[in-house]
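Enquirer: Show me how the following folds:
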Amino acid sequence: MMREVFQAERGKAPEIVAAFKTLTSVFEEAGYTNLRIYVDYAGPMDTVVCQWEFDSLDQYFAMERQAFVNPDENTQAMIDAMNNNAKSGYKEIYEVIQ
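Expert: Alright, predicted model coming up:
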């Protein structure tokens with residue numbers, strides 16, 4: 001399971017959420033499942049978390065590399081939204097046990 005956590009600039013979380021929403025169909029086509037987008041309820045304000053599952057890390061890294069080689073319009077919009085609206089971000093990778 002992959003989780004990407006972004007700390008948005010103050011008041012910019014909606015832009016990051018909107019960017020993730022543009023990739024929903026791309027993630028589904030890639031075979032990713034259980035896509036969820038979360039925003040903060042407690043803790044640091046303007047935090048956005050996008051979480052999904054996939055079959056293998058190789059599958060994920062192949063798609064990510066391809067996306068950055070020649071990004072389509074939606075992917076480029078997401079990249080721009082992250083670069084323009086996020087202060088920081090990181091990834092968490094988990095093995096799903098149950």
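
Enquirer: Mind pulling the model confidence for the most centrally placed residue in the chain?
Expert: Residue closest to the mean C-alpha point of the chain, counted by CA atoms, centre = their mean, is Cys50 at 4.7 Å. Listed pLDDT for Cys50 reads 95.

Enquirer: who touches it in this structure?
Expert: Taking CB atoms under 8 Å, 6 or more residues apart in numbering, we find Cys50 in contact with Arg3, Glu4, Phe20, Leu35, Arg36, Ile37, Tyr38. Using the backbone N, CA and C atoms, a C-beta is placed for each residue, glycine as well.

Enquirer: Can you convert those into JSON lines and add a column each for neighbour count, secondary structure and pLDDT?
Expert: JSON lines is the format used below for the contacts of Cys50 (neighbours: other CB atoms under 10 Å; DSSP: H, G, I helix; E, B strand; the rest coil; pLDDT from 0 to 100):
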{"residue": "Arg3", "neighbour count": "15", "secondary structure": "strand", "pLDDT": "96"}
{"residue": "Glu4", "neighbour count": "17", "secondary structure": "strand", "pLDDT": "94"}
{"residue": "Phe20", "neighbour count": "21", "secondary structure": "helix", "pLDDT": "89"}
{"residue": "Leu35", "neighbour count": "15", "secondary structure": "strand", "pLDDT": "93"}
{"residue": "Arg36", "neighbour count": "11", "secondary structure": "strand", "pLDDT": "95"}
{"residue": "Ile37", "neighbour count": "16", "secondary structure": "strand", "pLDDT": "96"}
{"residue": "Tyr38", "neighbour count": "13", "secondary structure": "strand", "pLDDT": "96"}
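
Enquirer: Excluding its own residues, what touches the lowest-mean-pLDDT helix or strand in the chain? List them.
Expert: Ranking every helix and strand in the chain by mean pLDDT, DSSP states H and E puts helix 24-29 at the bottom, with a mean of 84. Helix 24-29 has contacts (CB under 8 Å, 6+ apart) with Leu35, Trp52, Asn74, Thr75.

Enquirer: Can you verify my assumption that the second one contacts Met2?
Expert: The one in question is Trp52. Yes. Judged on CB atoms under 8 Å, Trp52 makes contact with Met2 at a distance of 5.9 Å.
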